[in-house]
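**Student:** The following block contains a protein sequence and its predicted model.
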Amino acid sequence: MQTKSAKARTDAGTVVAGNPGRLHGSIARTLGVAIVSGQHAPGDILSNEIDASEALNVSRSAYREAIRILAAKGLVESRPKTGTRVSPQARWNLLDPEVLAWFFEAEPSEAFLKGLFELRMIVEPAAAALAAGRRDEVQLEHMRQALILMQQHTLTTEQGQAADRDFHDTVLEATGNAALFSLSSSIGAAVRWTTIFKQRKRELPRDPVPDHWKVFDAIAAGRPDQAREAMERLVGLALDDTRAAIAPEA
C-alpha cells in the first residue's frame, strides 16, 4: 500500500514534470495541499532536503526555495538539526490567496467554509455601507461594467468569475479605507474559489447576478443601510449555495 508521504511524492513529481519552468512553485503547491489536507499534520517533520529532492528528481535549491515559500506562509518552520516541521494551524496565513487555493484543491471542510463566510459577512456588508457614502463616479462605472460582464459571461466562465472579483474588489476600494482594501486579494480569492466549488458537481442553483445589482443600486443611490443589507443577503445566499455543494447527493 502506498503511504501518504509516498503519494505526496508521486503527486509532486507529476506536477513538477508538467511545470518545468516553475519547479519551486509546483513543489510548494503540492506540499501545501498535502499540509492543509492533513496528509502532513502539524508537528510532522518533512523529508530532509537531500532525500526529498532526490525523490522528486529536482535540484536541492528548487526544493529549498519551495520550503521558503511555505515558511513565508506560516505552514512550516525549518530549524538546524531538527529539520522542517509542519507548523500549528494557528500560524498558517489562511488569507493568503495561494493557501486558500490549496484548501479548495484539498476539499475544504464545512468548518473552514463557514469560517470563510463569517469573515466575508463581517467585512463586506460594512464595506458596502462605507462605499455607499464614499464611492466616486469612476468606481461606480467599474462596478457597473463588472456586473454587465458577469451577465454576459456568467459565473461558469473565467471571464465571469474575474468580473465577479472585480466587483467585490471595487466595493472595497470605494470604502476609501486602505486597511480594508488590503483585504481585496483575500476576499477576491475567497469569492473565486467558493464560486468554483459551488459548481464543481452541479450547476449553480440560482443566478446570483440580480443580488449583486441590488448591492450596486444601493451603493449608487448613496444608501448605506440598504447597501449593508443587500450585501448581507448576497453573502448569506452564497453560503447557502456552498453548503448545498457539500451536501451528499441524493
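**Tutor:** Everything's here; your move. Just so it is clear, the structure is predicted and the values come from calculations on it, not from any experiment.
**Student:** Outline the domain layout of the protein.
**Tutor:** What automatic domain parsing lists as the domains of the chain is 4-91, 109-246.
**Student:** Which one of the ones you listed lies nearest to Pro97?
**Tutor:** Proximity to Pro97 (CB to CB) singles out domain 109-246 among those, at 3.8 Å. (Each C-beta comes from the backbone N, C-alpha and C, glycine too.)
**Student:** Tell me how far that closest one lies from the chain's centre.
**Tutor:** Once both centres are worked out by CA atoms, centre = their mean, to the nearest Å, domain 109-246 turns out to sit 14 Å from its chain's centre.
**Student:** Ok, stretch 45-61 next?
**Tutor:** Relative to its chain's centre, stretch 45-61 lies at 28 Å (CA atoms, centre = their mean).
**Student:** First-to-last residue distance for it?
**Tutor:** End-to-end distance of stretch 45-61 (CA to CA, to the nearest Å): 19 Å.
**Student:** Please state the mean pLDDT value computed over that stretch.
**Tutor:** Confidence over stretch 45-61, taken as the mean pLDDT, stands at 87.
**Student:** Redo the domains of the chain as CSV? Include mean neighbour count and distance to Val99.
**Tutor:** Below are those laid out as CSV (neighbours: other CB atoms under 10 Å; distance: least, CB to CB, whole Å):
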stretch, mean neighbour count, distance to Val99
domain 4-91, 17, 6
domain 109-246, 18, 9
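**Student:** These into a markdown table, with extra columns for distance to Glu98?
**Tutor:** Listed next are the domains of the chain as a markdown table, based on distance: least, CB to CB, whole Å:
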| stretch | distance to Glu98 |
| --- | --- |
| domain 4-91 | 7 |
| domain 109-246 | 8 |
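**Student:** And those domains, which one averages the lowest pLDDT?
**Tutor:** Mean pLDDT, when computed for each of these, is lowest for domain 4-91, at a mean of 81.
**Student:** can you give me how far it is from the chain middle?
**Tutor:** The chain centroid and the centroid of domain 4-91 are separated by 20 Å, computed with CA atoms, centre = their mean.
**Student:** Convert stretch 221-228 to PDB, retaining C-alpha atoms only.
**Tutor:** Output in PDB follows, covering the C-alpha atoms of stretch 221-228 (Å, rounded to 0.1, in the frame of the first residue of the first chain):
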ATOM      1  CA  ALA A 221     -28.000  55.700  -4.500                       C
ATOM      2  CA  GLY A 222     -25.900  56.500  -1.600                       C
ATOM      3  CA  ARG A 223     -27.900  54.400   0.900                       C
ATOM      4  CA  PRO A 224     -25.500  52.800   3.400                       C
ATOM      5  CA  ASP A 225     -28.200  50.800   5.300                       C
ATOM      6  CA  GLN A 226     -29.600  49.300   2.200                       C
ATOM      7  CA  ALA A 227     -26.100  48.600   0.800                       C
ATOM      8  CA  ARG A 228     -25.300  46.700   4.000                       C
END
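**Student:** how far away is the closest residue to Asp166 other than its chain neighbours from Arg165?
**Tutor:** In space, and not counting its chain neighbours, Asp166 is closest to Ala146: 4.3 Å by CB to CB, 6 or more residues apart in numbering. Ala146 sits 8 Å away from Arg165 when distances are taken as CB to CB, to the nearest Å.
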